[in-house]
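Enquirer: need a 3D model of the sequence below.
(chains A and B)
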2 protein chains.
Amino acid sequence: MSRDETTALDIQWNADGLIAAVAQDVSTKEILMLAWMNEEAFQKTLETGQAHYWSRSRQELWHKGATSGAIQQVREIRIDCDQDAVILLVDQAGSGACHTGRKSCFYRKIESQNGPVLKFYEA
Amino acid sequence: MSRDETTALDIQWNADGLIAAVAQDVSTKEILMLAWMNEEAFQKTLETGQAHYWSRSRQELWHKGATSGAIQQVREIRIDCDQDAVILLVDQAGSGACHTGRKSCFYRKIESQNGPVLKFYEA
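Expert: Coordinates of the predicted model:
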């Protein structure tokens, strides 16, 4: 049975052994961040109920908020049709998900009129 | 100035020349899909106001909905702190974003109790 209709979990890890993980605020539905998970991070997230990612820059397991306090309590996990991306619906602790102190990492807007980027600003 | 505070757009394309793009329903905030964009797809999206992606399976520019009718009108584009992921806030035409006919590609939920996956089902 193909990955998109099976009820068996069959995660499609990429060449680096990763899947994309989008953290979304469970109450407001705001998208907080996009990060990566390897199998260990995924298992740790299931075990602990707190978001764990794989830090590509540090090349290590990353328990989100372990040092900053910005823990993400995972309320629900969803996976997409081809099983290479997940959504974590979370309660975000602390000031927010972003290392800049903002609630969401997606704090800048790109505006354009028929092509060229006209504005790029925090909004 | 670092990528996370600059007001200059400086997209961090990955080794394959891609960024992750999350399509989110502009009204309901439901996450519809996660796909990839190369520079051409990004520029076409800005030019036309309709979501264009890079199809990794077909290795070609993908005007979402061009054949299925499931066009995504882009209402807003946001970019994250390290400039390697974007959110497209869209009005989704047709039955939905997913090739299975569902509104969202994230139609399955993973449930667990302290580790092992207990349930994996459409919800």
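Enquirer: give me the three-state assignment for whichever residue of chain A sits closest to chain B.
Expert: Nearest residue of chain A to chain B (Cβ to the nearest Cβ) works out as residue A:29 at 3.4 Å. Glycine gets a C-beta too; all of them are placed from N, C-alpha and C. At residue A:29 the chain is in coil, as set by DSSP: H, G, I helix; E, B strand; the rest coil.
Enquirer: OK, contacts around it?
Expert: B:28-30 (Cβ atoms under 8 Å, 6 or more residues apart in numbering or on different chains).
Enquirer: give me that answer again for 7 Å
Expert: residue B:29 (Cβ atoms under 7 Å, 6 or more residues apart in numbering or on different chains).
Enquirer: and if you look at residue A:4?
Expert: Counting by Cβ under 7 Å, 6+ apart, the residues that residue A:4 touches are A:81-82, B:100.
Enquirer: before we move on, the earlier item: for the residue of chain A closest to chain B, give its distance to residue A:38.
Expert: To residue A:38, residue A:29 is 27 Å away according to Cβ to Cβ, to the nearest Å.
Enquirer: count of neighbours near the residue lying closest to residue A:49 once chain neighbours are set aside?
Expert: Excluding its sequence neighbours, the residue lying closest to residue A:49 (Cβ to Cβ, 6 or more residues apart in numbering or on different chains) is residue A:74, at 5.5 Å. Using other Cβ atoms under 10 Å in any protein chain shown, residue A:74 is surrounded by 20 other residues.
Enquirer: and if you look at the one 10 residues further on?
Expert: Other residues near residue A:84 come to 17 when the count uses other Cβ under 10 Å.
Enquirer: spatially, what comes nearest to it if we skip its sequence neighbours?
Expert: Closest to residue A:84 by Cβ to Cβ, 6+ apart is residue A:12, at 4.2 Å.
Enquirer: and chain A, which residues reach chain B?
Expert: Applying Cβ under 7 Å from any Cβ of the partner chain, we find that chain A lies next to chain B at A:4, A:7, A:9, A:20, A:22, A:24, A:29, A:31, A:33-34, A:43, A:46-47, A:76-81, A:85, A:87, A:98-100, A:105-106, A:108-110, A:112, A:114-115, A:117, A:120-121.
Enquirer: the nearest residue to residue A:94 once chain neighbours are set aside and residue A:93, how far apart?
Expert: Nearest non-adjacent residue to residue A:94, counting by Cβ to Cβ, 6+ apart: residue A:70, 3.7 Å away. Here residue A:70 is placed at a distance of 6 Å from residue A:93 (Cβ to Cβ).
Enquirer: between the two, which has more neighbouring residues?
Expert: residue A:70 (20 against 16).
Enquirer: isn't that one right up against residue A:97?
Expert: Yes: contact criterion Cβ atoms under 7 Å: residue A:70 and residue A:97 qualify, at 6.4 Å.
Enquirer: would you map the helices across chain A?
Expert: Assigned by DSSP state H, chain A shows helices spanning A:39-48.
Enquirer: centroid-nearest residue for it?
Expert: residue A:22 (2.8 Å; Cα atoms, centre = their mean).
Enquirer: does that one touch residue B:21 like I think?
Expert: No: counting by Cβ under 7 Å, residue A:22 stays clear of residue B:21, with 11.1 Å between them.
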